[in-house]
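# Okay, predicted coordinates and the sequence, questions at the end:
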Amino acid sequence: MQVPSKASPPSPPAMTRGRMWFVSGVILFIVVGQLYDTIRARENWPFSNYPMFARLTEHDDFSRLILRGVLRNGHEVELGDAEYSAPMPVDHVRVALEHAERSADPVAQMQAVLAKYMTIYEARRKAGLHKGEPLRGIHVYLLRWRHLDPAALNAHRPDRSILIFNTLNPRQPPKVEFQESSEPQEGS
């Protein structure tokens, strides 16, 4: 009786010289492109020098937009719950409001953004997807901290709260700086 011998599996074919050059060229292109953008501090897709985390801030002041719903009784409630406006996150609304403030017609743009938000809020409320109360309008506030504690212990106590837009009485929003700033703010 003859025992069959175990044959070794066939080895994969060697990579051709052309394929080796092609793969090496692609790798070299990626490495050189990334190095170029990093050294030149440029952004050429698909490369990046990752500027978001490249600089240290030398100040600890901070500003942020918040939305507060105005109830029928006149009281305000913060509109931070994601269920209120899904699939339109509140952070996207904030960005849209910042862009609207810089537009040619900020009142109309802010009114349009907030009308869309209120439409979604109300539709989701009526469908039972959140337990929020009916809103009469929305107030947009700019909160400012002159010194934001590193542990965010004062996150709920801003130094200033500025009403910048009111859907119940729309008018030109005051010119305010939305981004972080190390310059002293007027009136604080």
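Structure received. Residues are numbered from 1 along each chain as shown.

# Would you mind listing where this structure has pLDDT under the threshold?
Within the chain, the segments meeting pLDDT under 70 span 1-6, 52-60, 171-188.

# Show me the strands in the chain, by range?
62-71, 76-78, 135-145, 160-166 (DSSP state E).

# Need those in TSV (columns: distance to G128 and mean neighbour count).
Glycine gets a C-beta too; all of them are placed from N, C-alpha and C. Shown next, in TSV, are those (distance: least, Cβ to Cβ, whole Å; neighbours: other Cβ atoms under 10 Å):
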stretch	distance to G128	mean neighbour count
strand 62-71	18	18
strand 76-78	18	14
strand 135-145	16	20
strand 160-166	29	16
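
# Figure out which of these is closest to R42.
Of all the strands of the chain, strand 62-71 sits nearest to R42, with 28.6 Å by Cβ to Cβ.

# related to what we said a few turns ago, can you redo the strands of the chain as JSON lines with distance to R102?
Formatted as JSON lines, these follow (distance: least, Cβ to Cβ, whole Å):
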{"stretch": "strand 62-71", "distance to R102": "13"}
{"stretch": "strand 76-78", "distance to R102": "25"}
{"stretch": "strand 135-145", "distance to R102": "14"}
{"stretch": "strand 160-166", "distance to R102": "13"}
